[in-house]
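**Student:** I'll drop the sequence and a predicted model, then ask my questions.
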Amino acid sequence: MSDRLARGLYLATLALLPWGSLVRFPWLHEHAQWSDAVFALATAAWAAALLLARRVPRLRPVHAGLALYLGWAFVSLLAASPRAPSGPAKLLGMGMLAALLVVTSDMMGRPGMPAAVGRTLAATSILSALAAAVGALLSYFGRTTPFVGTCGDLLPGPLARAQAGFPHPNLLASWCVFASGALARDDAGLSRAARRIAQAALAVAVVLTTSRAILAFVLVSAVRGATTPRRRRLAWALAAALAAVMVALTVFNLTFYPLRPWDVRLLPGPSPRLQAVVTSFHTLVARPLLGTGPGTSPGLRDLQPFDAHLTPLNVAATLGLPALGGLAFLVFALWRGRARPTDLATWGMLAGLGLDGLGQDVEDFRHVWVAFGLAEAARREGGKST
């Protein structure tokens with residue numbers, strides 16, 4: 001009974017992930033959503049099922065990285081001065097993200113769950129894409145809906161950006177990167193037609209966000225198709241080129257009108273993102289071991305606190321270099337323990353999320369930790385690979 005309840009609640013969590021901004025859950029912290037409450041129940045039911053079965057999940061190297069990441073975040077919180085009022089809630093949220101990895105990995109090993117997860121992600125992704133398209137269309141006719149957000153991070157413009165049920169268009173774009181890889185896995189349980197429909201819907205949604213994560217979405221597809229030595233070389237070259245573009249978009253203060261992407265303009269003044277990166281790096285140099293503490297923004301943008309918008313730097317500057325080391329070891333352990341031949345769908349997804357992390361702080365995105373759990377489930381000992 002507990003196992004069946006845990007499965008149902010976990011699938012409900014996945015279904016709710018893209019809809020957090022529509023109905024808030026204000027009782028935990030400012031960024032909490034209903035999927036968090038459902039996942040808390042799912043985790044409790046999962047733990048109860050383990051106790052009844054007298055089973056303990058096997059510890060692996062990935063869990064050592066996870067423990068260092070979370071443990072050092074706790075040390076950083078204790079040492080923070082001044083301590084951010086949201087620091088304890090932030091640490092609680094990080095614990096939930098870690099639980100997403102662990103529970104996802106365990107759930108994917110249960111009969112029927114990979115296909116159930118795939119169908120759930122496909123359904124909620126298609127609905128998200130539909131909401132994005134409807135929001136963008138209504139915005140074109142002057143109707144404002146919660147399904148669209150701001151036109152640009154740096155400069156306002158005439159075209160609304162789709163965000164569907166997310167609080168920001170960049171989050172929807174990152175979700176599309178994640179879902180595109182997750183739905184391409186062999187164990188996703190989708191027919192060829194359903195897979196094509198879902199991938200087409202995600203492509204439309206990510207384009208409607210006009211986000212730099214479109215580049216990451218392209219990379220996911222390229223890695224997924226790298227089935228020959230020549231295609232692998234091309235995928236590596238594309239990854240390097242797209243990483244260079246992401247860096248350039250941070251360094252230079254560029255803008256363009258989304259309907260005329262060839263009309264790129266260099267604006268006067270420093271790039272706000274470059275300001276954030278430079279000031280966050282200064283913070284890291286000043287506090288390399290403990291950072292500024294959970295719940296803080298290590299950088300400045302026009303003298304206001306601002307996140308680094310560069311995932312490794314943001315983690316190091318807020319939590320300290322040991323926490324970054326834990327996160328890096330986690331990813332390394334996933335790579336070392338992967339099934340052979342490499343599951344291109346899963347690792348294309350992680351490569352896309354990594355590229356996206358060069359332009360925003362993805363360490364707090366719930367779907368990123370689900371992606372880690374999917375990769376851990378596909379480990380060498382029993383994972384299914386392409």
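**Tutor:** Sure thing, it's come through.
**Student:** Show me how far stretch 361-379 is from its chain's centre.
**Tutor:** 7 Å (Cα atoms, centre = their mean, to the nearest Å).
**Student:** and the helix ranked longest in the chain, what does it pack onto?
**Tutor:** In the chain, assigned by DSSP state H, the helix with the most residues is helix 113-140. Of the remaining helices and strands, those touching helix 113-140 by 3 or more Cβ pairs under 8 Å, 6 or more residues apart in numbering; DSSP states H and E are helix 2-16, strand 148-149, strand 161-162, helix 169-183, helix 192-208. Yep, even glycine has a C-beta here, placed from its N, CA and C like the rest.
**Student:** Repeat the analysis, applying 6 Å as the threshold.
**Tutor:** Packing partners of helix 113-140 (3 or more Cβ pairs under 6 Å, 6 or more residues apart in numbering; DSSP states H and E): helix 2-16, strand 161-162, helix 169-183, helix 192-208.
**Student:** Around the residue lying closest to A12 once chain neighbours are set aside, count how many other residues there are.
**Tutor:** For A12, ignoring the flanking residues on the chain, the nearest one in space by Cβ to Cβ, 6 or more residues apart in numbering is V38 at 5.2 Å. Neighbour count for V38, taken as other Cβ atoms under 10 Å: 21.
**Student:** check which helix or strand covers V38.
**Tutor:** With elements taken from DSSP states H and E, the one containing V38 is helix 34-53.
**Student:** just the angle between that helix and helix 2-16, please?
**Tutor:** Angle of helix 34-53 versus helix 2-16, following axes from the mean of the first three to the mean of the last three Cα atoms, to 10 degrees, is 160 degrees.
**Student:** from the chain's centre, how far out does helix 34-53 sit?
**Tutor:** 22 Å.
**Student:** would you put the C-alpha positions of that helix in CSV?
**Tutor:** Presented in CSV, the C-alpha positions along helix 34-53 are these (Å, rounded to 0.1, in the frame of the first residue of the first chain):
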residue,chain,number,x,y,z
TRP,A,34,2.3,22.6,-4.4
SER,A,35,4.6,20.0,-6.0
ASP,A,36,6.9,20.4,-2.9
ALA,A,37,4.1,19.5,-0.5
VAL,A,38,3.1,16.5,-2.7
PHE,A,39,6.7,15.4,-3.0
ALA,A,40,7.1,15.6,0.8
LEU,A,41,4.2,13.1,1.1
ALA,A,42,5.7,11.0,-1.6
THR,A,43,9.0,10.9,0.2
ALA,A,44,7.3,9.9,3.5
ALA,A,45,5.4,7.1,1.7
TRP,A,46,8.6,6.0,0.0
ALA,A,47,10.5,5.8,3.3
ALA,A,48,7.6,3.9,4.9
ALA,A,49,7.6,1.4,2.0
LEU,A,50,11.4,0.9,2.5
LEU,A,51,10.9,0.2,6.2
LEU,A,52,8.1,-2.3,5.6
ALA,A,53,10.3,-4.1,3.0
